[in-house]
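Q: Have a look; sequence and predicted model below, questions after that.
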Amino acid sequence: MNRHLIIGLALLASTTGLSAESYRVEAINMPGDVAPEVGDLDFTPEGELVVALRRHGILMASPTADPTAFNWRVFAADSLHNPTGLDVISRSEVLVSQMQELTRITDTDGDDIADLFENVADDWGVTGNYHETIAITRDGGDGWYLAIGTASHNGPTFYHTRGEFAPFGRTGRNFAAGPWKGWVIHADAEGNITPFAKGFRAHNGILRDPQGRIWATDNQGDWRGTSPLYHVEEDNFYGHPSALIWDKTFTANVSKDPLQLYINDWDAYEAHRTPAAVEFPHGLMSNSPSEPVVIPAGDGFGPFAGQMLVGDIAGPRITRVMVEEVNGIMQGACVTLISGDIGGGNNRLVFSPDGSQLYVGQTFRGWTRNSTDGLKRVSYTGKTPFEVQNISITKSGFRLTFTEPVDASTLSQLSNYKAQSYWYKSHYKYGSPQMDVTELPITSAQVSADGHTVDLTIPGIQPRRIIQLDLGEGLLATDGSTIGNPTICYTVRKLR
């Protein structure tokens, strides 16, 4: 391989459905002699795209308008140990979270090739299980938050592990036999580790948003009725008991396996855990959510600035997330942004420095035929999509705001709305069906004067439920277009 210049081929793709007019998807060329399984993406301050590959090293390229014209250079050719987190300091210095450590990789002599690899932090041990991936996000200063996944029963732990081995942590479908598996931890600039929050299963994506809040996705499975997005706060427990084996305060008062404790006492488990801010109904919104990212300010990526996007590894979609604070608690809704030819495997998301393009790093992990490998670019065409721009819970129901003015006669017509509630049980079994599915009446629809907003009165909304709203084809914008993505799912933790 030429270590400075690699040129490949690209295929063009498009979205399906009504969002195709607003968002264009392109497949970016990747080198033909590397496995294009993307672990993470970032940009240098100079605007070069940096790609960490799970089975190779680190590539860089300056983006071009032509997706076939990316001239890749190899910053680090040495294979890394499943890198799934990336923090780019400059074109000559990057930090990568590998399974075994957080590594600083530097080009010290200015030849554009890394020659120095330094261990920054490694206090979480290694068991050899493939599932213990690590995602990172900056802490707003000189440190990082790291999301360290649990191990899976589908893969072994080695006979010889690095770090302490906890036999109680080895039980269950997903387990935490090594230190800080199933945790979010903090690492400072000197590599000192501080535990932050626990109870995660496979939180393959972590974000510190512009307001300083920490968010992490997780994946459906044992103790995950469906896939969640958590607002992560210090010392909270987020529901997967295996991680509690590393909580010294908890184990000081509990002498048995925490997994067995909560299998036998579900009420105590429910009282202990912190619920998700947003839940993604399985098969509808996101089957395997990955990294969340905030849409930048301005209208460069459409009318959704400040909201979050989340990739789906097991489905061909990017999901949009709208959150709000209600009585001190973060909660909100999810809706599809784009789907179809984006493909699956959507592992990592990063916006271009100008905020106008979303780069999507894809990887195939073997458990779904929908996954693909490689790199996609999503660009806003400038045509405003007709969508629910935002949703907010009210004392009597929900307020929906649309991106375009809506025909008032259709906006006030109750037959254009359907609502139902349900919930998912978090328990030791894998996933959960929808529980207590209930159709909810919609008794009124009050339309704003400008036609952009409707207040729906929906009696019977309860906390700890998902409210699914389905908008009918009869709901028309003033130009006659129909809603692009008509299903919105709002997770209610608190009522107004």
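A: Thanks, I have it. Numbering: from 1, shown residues only.
Q: Residue 44: what's it in contact with?
A: By CB atoms under 8 Å, 6 or more residues apart in numbering, the contact set of residue 44 is 50, 60, 88, 90-91. C-beta here means a position set from N, CA and C on the backbone, and glycine is covered the same way.
Q: how much space between it and residue 145?
A: Here residue 44 is placed at a distance of 22 Å from residue 145 (CB to CB, to the nearest Å).
Q: Quick check on the residue lying farthest from the centre of the chain: phi, psi?
A: Largest separation from the mean C-alpha position in the chain: residue 409, at 37.7 Å (CA atoms, centre = their mean). Torsion angles at residue 409 (phi, psi; degrees, to the nearest 10) stand at phi -70, psi -30.
Q: Count the residues that sit near residue 149.
A: 26 (other CB atoms under 10 Å).
Q: Pull the contacting residues for it.
A: Neighbouring residues of residue 149 by CB under 8 Å, 6+ apart: 131-134, 181-182, 200-204.
Q: Distance from the chain centre to stretch 95-106, please.
A: From the chain centre to the centre of stretch 95-106 is a distance of 21 Å (CA atoms, centre = their mean, to the nearest Å).
Q: Looks like residue 468 contacts residue 434 (just checking).
A: No: using CB atoms under 8 Å, residue 468 is not in contact with residue 434; the gap is 9.2 Å.
Q: ok, the two, which is more surrounded?
A: Ranked by neighbour count (other CB under 10 Å), residue 468 and residue 434 place residue 468 first, with 21 against 18.
Q: mind checking how far the more buried one is from residue 334?
A: Distance from residue 468 to residue 334, by CB to CB: 10 Å.
Q: now swap in residue 462 and tell me
A: The value you get for residue 462 to residue 334, if CB to CB is used, is 19 Å.
Q: Between those two, which has more neighbouring residues?
A: A direct count of neighbours by other CB under 10 Å for residue 462 and residue 334 places residue 334 higher, at 29 against 13.
Q: Where does that one sit, in terms of helix or strand?
A: strand 329-339 (DSSP states H and E).
Q: OK, contacts around residue 268?
A: Taking CB under 8 Å, 6+ apart, we find residue 268 in contact with 261-262.
Q: what does residue 81 give?
A: 98-100.
Q: would you list every one of the strands in the stretch 1-150 of the chain?
A: Remark: strands assigned in the stretch 1-150 of the chain by DSSP state E, counting those that start in this stretch are 23-28, 38-43, 49-53, 58-61, 73-76, 85-90, 93-97, 102-106, 116-121, 134-138, 144-148.
Q: what's the answer for the stretch 251-400 of the chain, then?
A: Using DSSP E, counting those that start in this stretch, strands in the stretch 251-400 of the chain cover 278-280, 289-294, 308-312, 317-326, 329-339, 346-351, 357-362, 374-380, 388-393, 397-402.
Q: Quick one, which of the ones you listed gets closest to residue 419.
A: When those are compared by CB to CB, strand 397-402 sits nearest residue 419, at 8.4 Å.
Q: what is the orientation angle of that closest one with strand 317-326?
A: With axes from the mean of the first three to the mean of the last three CA atoms, to 10 degrees as the basis, strand 397-402 and strand 317-326 are set at 130 degrees to each other.
Q: Could you verify that residue 242 is part of a helix?
A: Yes: counting by DSSP: H, G, I helix; E, B strand; the rest coil, residue 242 is part of a helix.
Q: Any idea how many residues pack against the residue nearest to it when sequence neighbours are not counted?
A: Excluding the flanking residues, the one nearest residue 242 by CB to CB, 6 or more residues apart in numbering is residue 176, at 4.2 Å. Using other CB under 10 Å, residue 176 has 34 neighbouring residues.
Q: What's the end-to-end length of stretch 195-208?
A: Using CA to CA, to the nearest Å, the end-to-end distance of stretch 195-208 comes out at 16 Å.
Q: thinking again about what came up before, go through the strands of the stretch 1-150 of the chain and name the closest to residue 444.
A: Nearest of these (CB to CB): strand 23-28, 34.0 Å.
Q: tell me the mean pLDDT for the closest one?
A: Regarding strand 23-28, the rounded mean pLDDT is 96.
Q: what's the answer for stretch 234-247, then?
A: 96.
Q: Okay, buried residues for that stretch please.
A: 236-247 (16 or more other CB atoms under 10 Å).
Q: Next, the distance between the ends of that stretch.
A: Termini of stretch 234-247 sit 13 Å apart (CA to CA).
Q: Could you do stretch 93-109 as well?
A: For stretch 93-109, the separation between the terminal residues is 12 Å (CA to CA).
Q: Flag every buried residue along that stretch.
A: 93-107.
Q: Pull the most distant pair out of those residues.
A: Using CB to CB, those span at most 23.6 Å, a distance reached by 99 and 107.
Q: helix or strand for residue 249, which one?
A: Short version, using DSSP H and E: residue 249 is in helix 248-251.
Q: do you know which of the strands of the stretch 251-400 of the chain lies nearest residue 36?
A: Proximity to residue 36, assessed across these by CB to CB, is greatest for strand 374-380 (4.6 Å).
Q: State the pLDDT value of residue 165.
A: For residue 165, the pLDDT comes out at 85.
Q: which element is it on?
A: Using DSSP H and E, no helix or strand contains residue 165.
Q: Check the secondary structure at the closest residue to it other than its chain neighbours for me.
A: Spatial nearest neighbour of residue 165, chain neighbours left out: residue 177 (5.7 Å); criterion: CB to CB, 6+ apart. Three-state call for residue 177 (three-state DSSP): coil.
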